[in-house]
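Student: I would like to see how this sequence folds:
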Amino acid sequence: MHPSMVSRILGLFLMVFSITLLVPILVATIYGEDTQGAFFLAFAITFSLGMLMWLPYSRRPIELRTRDGFIITALFWVVLGLVGALPLMLVDELHLSFTNAVFESVSGLTTTGATVITGLDHLPKSILYYRQQLHWLGGIGIVVIAVAIMPMLGVGGMQLYRAEMVGPAKETKMTPRIAETAKALFLIYVGLTVVCTMAYWMAGMNFFDALTHSFSTIATGGFANYDASVGHFGSDIIYAIAVIFMILGGTSFGLHYYAWVKGSVFHYWRNPEARLYLQIILVSAIIVCLGLYFYGVHDIKDSLSHGIFQLVSILTGTGFTTTNFSAWPTFLPFFLLVVSFFGGCVGSTTGGIKMGRMLFLAKQGLREISRLIHPNGVFPIKIRNWVVEERVSDAVWAFFGVYLAVYYVIVLLLLASGLDYVTAWSATAATVNNMGPALGDANLHYYDIDNFSKWILSGAMIVGRLEIFTVLVLFTPMFWRR
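Tutor: Numbers count the residues shown, from 1 in each chain. Have a look, this model is predicted:
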């Protein structure tokens, strides 16, 4: 490991992030708010810290290794979560403690959407914008954006890219050069945000709400400008727009890139992971809608409207709500939490285990059944024309096992802190899967959760965002051996 290189890159990242703190100052000026001082002080602190970390090593030509990439990936989310909390602590209207501010900041950057803030309807526009901006930056992946800066450093960015994109993503690397890949991802991300903003605006939102909610939608984040979330608007057209763009946000950006280059959308259905993703959405939405109707919660129209919206929102890890789904008959909210483990596609902005891994697990299960019937048979796992290597299959099973182990360790820690089982189980699912809303004491917000649990859940969000192994590898003795 090269501490000087780690400090140099983290310092540069912090300086780049500090520039984004200037945008809320402009928002505050436009709306005549008095939060400019808090944001400028946060900018000054963040930029100065970044400069102190970067400047002493700015001229050292050190090669970035894989180990450095993993350390930078993990540390950056932690450091950014801490400095991102500065404006939230400094703005008087919020009255947030350090713990609550860090929780909100980490939740925003990891696109989780779990909040400790109430009274959103009356907050300054600059704060509302800042929360959504955290989502937008986290959605594309701070590390993926940062690799476009790597050529300026004179080092390669592939290590960071691999550290961020852990998983069986055959179509994630879309161009020969990583800088071109990052640029393509960024342009697609911006394009979807612009289109989503215009759609919301034309559907009846004011421009500020359209812009900020598009940040949350494309990032599959979940922060909203109102306590009632998207349900504040009471518009089926807005719900439908949100559903479409949440699905797009949960689809692999590699497939979006392919559609952009080839000018064709048929490959979405031909891709096995995307096809499974759409099939799970369809089947699960039918179950939820029928449940709402036959339990007598809503009539047919509202069952379709709320059922489809909540299913897509929870499965993609967005966390928008149109109604208090935790008050639905017990089967439905727990069903939604279970499907949140599926997540979206590999290479998307969603959390969860991801559809690609679920597809591998399903095929592996079918292969084991075939082996029981034909013990001497050879049954390779194939994804389209690609024969899956045993190493990849083993890695998926290992990820699945470790994912569940980490999940239950967090549940036990929350139970030890005094939370009831429903709250502990659902809050863990909501944070590890980067989904947001939970059940029990966390069904509306997390403000009343004790501080110890908030720190545990903040860690769960980062672990979920980095897909566990990127974090756990740092705790193995082998990683630190020369």
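
Student: which other helices and strands contact the helix or strand hosting Ala74?
Tutor: Secondary structure assignment for Ala74, by DSSP states H and E: helix 66-83. Counting contacts by 3 or more Cβ pairs under 8 Å, 6 or more residues apart in numbering; DSSP states H and E, helix 66-83 is packed against helix 3-20, helix 36-54, helix 98-109, helix 142-146, helix 158-164, helix 451-465, helix 469-472. Where C-beta positions appear, they are placed from N, C-alpha and C, glycine not excepted.

Student: With mean neighbour count and mean pLDDT as new columns, can the ones you listed be given to me in CSV?
Tutor: Listed next are the helices and strands packed on helix 66-83 as CSV, based on neighbours: other Cβ atoms under 10 Å; pLDDT from 0 to 100:
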stretch, mean neighbour count, mean pLDDT
helix 3-20, 19, 87
helix 36-54, 18, 94
helix 98-109, 25, 95
helix 142-146, 21, 48
helix 158-164, 21, 40
helix 451-465, 23, 94
helix 469-472, 19, 73
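
Student: which residues of this protein score low on pLDDT?
Tutor: 1, 61-66, 142-179, 479, 482 (pLDDT under 70).

Student: which SS state does the residue most central in space within it fall under?
Tutor: The centroid of the chain falls nearest to Thr111 when counting by Cα atoms, centre = their mean (3.8 Å). Look at Thr111: counting by DSSP: H, G, I helix; E, B strand; the rest coil, its state is coil.

Student: please renumber so the chain begins at 677
Tutor: With 677 as the first residue, the last one maps to Thr787.

Student: So what would you say the end-to-end distance of stretch 796-804 is?
Tutor: 8 Å (Cα to Cα, to the nearest Å).

Student: show me where this structure has strands.
Tutor: For the chain, applying DSSP state E gives strands covering 1058-1059, 1062-1063.

Student: Relative to the last one, what are the paired strands and their orientations?
Tutor: This means strand 1062-1063. Each strand paired with strand 1062-1063, and its direction, by DSSP bridges: strand 1058-1059 (antiparallel).

Student: any residues touching the partner strand, and which ones?
Tutor: Contact with strand 1058-1059 is made by 846, 948, 1035-1036, 1039, 1064, as judged by Cβ atoms under 8 Å, 6 or more residues apart in numbering.

Student: rerun that using 10 Å as the cut-off
Tutor: 844, 846, 947-949, 1032, 1035-1036, 1039, 1064, 1068 (Cβ atoms under 10 Å, 6 or more residues apart in numbering).

Student: And the furthest pair within those?
Tutor: Across the contacts of strand 1058-1059, no pair lies farther apart than Asn947 and Val1068, at 17.0 Å, counting by Cβ to Cβ.

Student: who has more neighbours, those two?
Tutor: Asn947 (23 against 17; other Cβ atoms under 10 Å).

Student: wait, that one sits on Ser940?
Tutor: No: using Cβ atoms under 10 Å, Asn947 is not in contact with Ser940, being 12.0 Å away.

Student: what touches both of those two?
Tutor: Tyr934.
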